[in-house]
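K.L.:
sequence first, then the predicted structure:
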Amino acid sequence: MSETTTPVMTQREIRKALYRNGHIPTPVSGKRPILNDWPRLAVDEGVIDDWGEAGNGTGAVCSRTAGFDLDILDEGAVRIVLELMRSTFSGTILERTGLAPKVLVPVYIPQPFRKIIKKFRAPDGSIHKIELLCDGQQFVVEGIHPDTQKPYTWRGPSLTDVSLMHLPVVNEEGARAFIDRCAAELKSQLGWLDVSSVAVSAAADPNNVVQFAPVSERIEKMQYGGEFPINDTLLAYSGDQLRNGVACEGVIKDCLARVQKTYDEIPGDPQERPIWDWNKIRLQIEAMVYGYIKKNHTDQPRIIETLPHSMLEKWRSIEAAGGTPCFQKRRYWGVEDSGPADPLPIMDAPPTVPVAEKTRRHRPANVLVPFKAFDVASLPRRCWLLDQHYT
């Protein structure tokens with residue numbers, strides 16, 4: 001099959017075609033949705049008409065149309081996974097490409113569940129991923145890829161042409177089993193290792209055993225000044241906990257308890273241990289937890305659900321009012337509105353009341369009065385009193 005680009009269709013027509021085939025569309029700019037609370041919006045053709053041509057692309061909300069995202073830059077590995085997918089699932093296998101050879105395959109999920117992700121390290125040290133984009137996420141159906149600046153393409157028919165009911169049907173258990181089979185095949189045929197529970201980057205050093213240790217192992221071996229230092233280990237651990245849906249307050253208490261345990265295990269005389277400011281340490285852990293959510297909530301919208309009840313309620317109320325919620329650290333961490341979705345209306349200034357002019361008193365001009373010469377002879381003569389002074 002040859003790759004095809006979208007026929008000449010407006011964004012409104014693309015979204016209506018998706019909706020009529022059972023998918024839930026959402027306007028996007030690049031890869032990012034542009035609507036507030038987009039995972040929960042009720043969509044129909046009237047709503048699509050209201051959107052007009054908003055955004056430069058269209059995505060599919062993963063509440064029932066999920067997507068196996070093969071974030072793999074090895075063409076042979078992509079081919080292995082696609083062949084395994086065709087032999088595992090029935091239904092129409094669609095292939096969407098943005099940055100080749102990466103591929104996304106849409107599937108139908110009767111019941112939404114959380115995203116599944118598995119990471120691999122190739123023998124050359126490069127990192128690759130297989131994800132099932134699911135509840136709380138979306139993928140681009142038609143638009144311009146931000147890196148290639150070229151349109152997304154479909155090998156064969158597009159998702160706009162295929163009904164949801166014709167896609168492969170996948171549940172959570174089946175999805176996990178399939179990704180595990182992919183991991184086994186990639187290891188068997190290419191020597192790839194599953195490093196899903198390891199905090200790694202594409203530029204990671206494959207000889208550094210510390211960075212490839214599972215987070216669960218690192219947190220248990222965390223030491224003051226040891227192989228697994230406190231700051232780096234807590235950063236990886238807290239992020240992992242938040243991604244798994246653990247509440248913020250629980251993560252903060254857990255991290256604080258683990259720091260206390262690490263402090264108690266410092267070897268030597270307890271009287272000679274360094275003095276730690278526990279209030280400051282708690283503030284640092286809070287900054288680490290809320291800072292992670294602040295940085296990653298756009299790409300991982302489900303982590304907002306880990307916020308304390310009061311903060312989550314305020315976040316949702318700001319979204320419902322059309323604002324843009326954000327995190328701010330003043331005396332304490334909190335949620336604020338960074339601004340309304342629409343520009344502020346121009347308000348007329350209140351009428352001004354004229355001020356009565358004060359009455360000014362008349363001041364006569366300076367007038368020169370003629371001076372009459374003084375007659376010295378008219379003064380009485382002075383007399384001496386007791387020869388001491390005169391009057």
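P.N.:
Good, I have the coordinates.
K.L.:
now do the helices in the chain.
P.N.:
Along the chain, counting by DSSP state H, helices occupy 11-20, 45-51, 75-88, 172-190, 215-220, 230-243, 248-264, 278-296, 309-320.
K.L.:
for the first one, list the C-alpha coordinates in CSV.
P.N.:
Yep, that's helix 11-20 we're talking about. Taking C-alpha atoms only, helix 11-20 is exported to CSV below (Å, rounded to 0.1, in the frame of the first residue of the first chain):
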residue,chain,number,x,y,z
GLN,A,11,-10.7,20.9,9.6
ARG,A,12,-14.4,21.0,10.2
GLU,A,13,-15.0,18.3,7.5
ILE,A,14,-12.2,16.1,9.0
ARG,A,15,-13.7,16.4,12.5
LYS,A,16,-17.2,15.6,11.3
ALA,A,17,-15.9,12.6,9.3
LEU,A,18,-14.2,11.3,12.5
TYR,A,19,-17.4,11.9,14.6
ARG,A,20,-19.6,10.1,12.1
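K.L.:
circling back to that earlier point, out of the helices of the chain, which gets nearest to residue 119?
P.N.:
Smallest distance to residue 119 across the helices of the chain (CB to CB): 9.8 Å, for helix 172-190. For every residue, glycine as well, the C-beta is placed using N, CA and C.
K.L.:
list the buried ones in that closest one?
P.N.:
Buried positions in helix 172-190, judged by neighbour count with 16 or more other CB atoms under 10 Å: 175, 178, 179, 182, 183, 185, 186.
K.L.:
now the residues you listed as JSON lines including distance to residue 216?
P.N.:
Formatted as JSON lines, the buried residues of helix 172-190 follow (distance: CB to CB, whole Å):
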{"residue": "175", "distance to residue 216": "23"}
{"residue": "178", "distance to residue 216": "24"}
{"residue": "179", "distance to residue 216": "19"}
{"residue": "182", "distance to residue 216": "22"}
{"residue": "183", "distance to residue 216": "18"}
{"residue": "185", "distance to residue 216": "25"}
{"residue": "186", "distance to residue 216": "23"}
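K.L.:
just name the closest of those to residue 65, please.
P.N.:
Distances from residue 65 to these, taken by CB to CB, are shortest for residue 175, at 13.9 Å.
K.L.:
for residue 191, grab the count of nearby residues.
P.N.:
Using other CB atoms under 10 Å, residue 191 has 11 neighbouring residues.
K.L.:
circling back: which one of the helices of the chain has the lowest average pLDDT?
P.N.:
In terms of average pLDDT, helix 215-220 trails the rest of these, at a mean of 82.
K.L.:
what is that helix packed up against?
P.N.:
Counting contacts by 3 or more CB pairs under 8 Å, 6 or more residues apart in numbering; DSSP states H and E, helix 215-220 is packed against helix 230-243.
K.L.:
now the helix it packs on, how far from the chain's geometric center?
P.N.:
17 Å (CA atoms, centre = their mean, to the nearest Å).
K.L.:
quick check: buried residues in it?
P.N.:
Buried positions in helix 230-243, judged by neighbour count with 16+ other CB under 10 Å: 230, 233, 234, 235, 236, 237, 238, 239, 240, 241, 242, 243.
K.L.:
any chance of CSV for the helices of the chain, columns distance to residue 100?
P.N.:
Formatted as CSV, these follow (distance: least, CB to CB, whole Å):
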stretch, distance to residue 100
helix 11-20, 22
helix 45-51, 30
helix 75-88, 8
helix 172-190, 19
helix 215-220, 32
helix 230-243, 28
helix 248-264, 39
helix 278-296, 27
helix 309-320, 36
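K.L.:
need the buried residues of helix 230-243 in JSON lines with distance to residue 17, can you?
P.N.:
Formatted as JSON lines, these follow (distance: CB to CB, whole Å):
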{"residue": "230", "distance to residue 17": "53"}
{"residue": "233", "distance to residue 17": "49"}
{"residue": "234", "distance to residue 17": "48"}
{"residue": "235", "distance to residue 17": "44"}
{"residue": "236", "distance to residue 17": "43"}
{"residue": "237", "distance to residue 17": "45"}
{"residue": "238", "distance to residue 17": "43"}
{"residue": "239", "distance to residue 17": "38"}
{"residue": "240", "distance to residue 17": "39"}
{"residue": "241", "distance to residue 17": "41"}
{"residue": "242", "distance to residue 17": "37"}
{"residue": "243", "distance to residue 17": "34"}
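K.L.:
which one of the buried residues of helix 172-190 is nearest residue 218?
P.N.:
residue 183 (21.5 Å).
K.L.:
who's the nearest residue in space to that closest one that is not next to it in sequence bridged to?
P.N.:
Among residues not flanking residue 183 along the chain, residue 194 sits closest, at 4.9 Å (CB to CB, 6 or more residues apart in numbering). Using DSSP bridges, the bridge partners assigned to residue 194 are residue 120.
K.L.:
what about residue 194, distance to residue 118?
P.N.:
Per CB to CB, to the nearest Å, residue 194 is found 6 Å from residue 118.
K.L.:
same question, residue 191
P.N.:
From residue 191 to residue 118 the distance is 16 Å (CB to CB).
K.L.:
re earlier: which stretch among the helices of the chain comes nearest residue 67?
P.N.:
Using CB to CB, the helices of the chain put helix 172-190 closest to residue 67, at 11.1 Å.
K.L.:
what is the closest one packed up against?
P.N.:
Looks like helix 172-190 contacts helix 75-88, strand 116-121, strand 127-133, strand 193-194 (3+ CB pairs under 8 Å, 6+ apart).
K.L.:
tabulate those (CSV), appending distance to residue 162 and mean neighbour count.
P.N.:
Below are the helices and strands packed on helix 172-190 laid out as CSV (distance: least, CB to CB, whole Å; neighbours: other CB atoms under 10 Å):
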stretch, distance to residue 162, mean neighbour count
helix 75-88, 16, 15
strand 116-121, 23, 19
strand 127-133, 17, 20
strand 193-194, 32, 16
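K.L.:
and for residue 30, the neighbour number?
P.N.:
Neighbour count of residue 30, defined by other CB under 10 Å: 14.
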